[in-house]
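Enquirer: quick one, what's the 3D model for this:
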Amino acid sequence: SWALQQPWSAAGPVEARADMPDWLRHLGAWGQGDMPGTTAEEMQPQVRRVAQFARTVEAPIAFHAYIWQSVGRHDANYPVLEPKPGFAQAVRDMQAAGVRVIPYINVYSADAAGPAWRVLDLVDLTLQPPLTRAYSDMTGLVPMCPATKRWQGIIKAECEKLMAQLPVDGLYLDQLTGAPYICFDPDHGHTVGGGTHFADGMRQVATEALAAVRAKRPDGITFGENCNEIYNDKTLAHLTWAEMEVATRLPMFTAVY
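Expert: Here you go, the predicted structure:
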């Protein structure tokens, strides 16, 4: 009863949400994988594998796509991502096979080694004190402060751009909850150190991302990394990525929501 009275429960439990598209409610399985190659023709083997997966499970599926961006590798040039020339057609081909397609984007980290870092002049938006790695594999990504209005605007623009370029069914918002650090920069317009600025900022990012998707695709969705209830009303699903040891975990999220 407490959980359903919180702001993130304004949309209601899953079965009662008016904004939950039927196709998402009735998905049987998710697939995840890369889009190798550059042209639509080079991506056809992966398209066929995904279509075969859908036929094999005999249920509606969605495909969570990685390495669809023109840079050709993961964790590069964030927050700016440009599609490979053949990706839009590959999306249409998978959709023709009955598969929903949602590509990966990153809403929290920037690549200090990529051209977007200099073009967008991102240094003033970094989390302070600076944490030079967002992942444990030391990719070199730099966490950004999601409470800053300019970062929120950058991600909003990227979401709008991608939805205009691609016929996808939504967007995956990586690191929505993957690395919730606090920020001590007094010039970012939030409380220094503690407080709710990370969650508030990411809720705004998620709000703008869903609006960008829905403006182009009324039944489109967004979903974010990890199972975090405070984004329930801003996303339509969650990728349960971390802490999944069945023997030691209680399904509290599912039981409540």
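Enquirer: count of residues packed around M20?
Expert: 18 (other Cβ atoms under 10 Å). All C-beta spots, glycine's among them, are computed from the backbone N, C-alpha and C.
Enquirer: that one: what's it in contact with?
Expert: V14, L236 (Cβ atoms under 8 Å, 6 or more residues apart in numbering).
Enquirer: D93 now?
Expert: D93 neighbours (Cβ under 8 Å, 6+ apart): A40, Q44, V47.
Enquirer: again, but for M43
Expert: So M43 contacts M35, P36, G37, K84, G86, F87, A90 (Cβ under 8 Å, 6+ apart).
Enquirer: which element is it on?
Expert: helix 40-57 (DSSP states H and E).
Enquirer: go on, V205?
Expert: With DSSP H and E as criterion, V205 is part of helix 197-216.
Enquirer: pull out the buried positions in that helix.
Expert: 197-199, 201-210, 212-214, 216 (16 or more other Cβ atoms under 10 Å).
Enquirer: just the CA trace of the very next helix or strand once past it, in CSV.
Expert: Counting by DSSP H and E, the next helix or strand C-terminal to helix 197-216 is strand 221-225. The C-alpha trace of strand 221-225 is given here as CSV (Å, rounded to 0.1, in the frame of the first residue of the first chain):
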residue,chain,number,x,y,z
ILE,A,221,8.5,2.2,-25.1
THR,A,222,11.6,3.0,-23.1
PHE,A,223,13.2,0.7,-20.6
GLY,A,224,16.3,1.2,-18.4
GLU,A,225,19.1,-0.7,-16.8
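Enquirer: what pairs with strand 221-225, and is each one parallel or antiparallel?
Expert: Applying DSSP bridges, strand 221-225 is found paired with strand 170-174 (parallel), strand 237-239 (parallel).
Enquirer: how about A215: what's its closest non-neighbour residue?
Expert: What sits nearest to A215 in space, not counting adjacent residues and going by Cβ to Cβ, 6 or more residues apart in numbering, is M163, at 7.0 Å.
Enquirer: the protein: helices as residue ranges?
Expert: 22-25, 40-57, 87-96, 115-119, 149-165, 197-216, 252-256 (DSSP state H).
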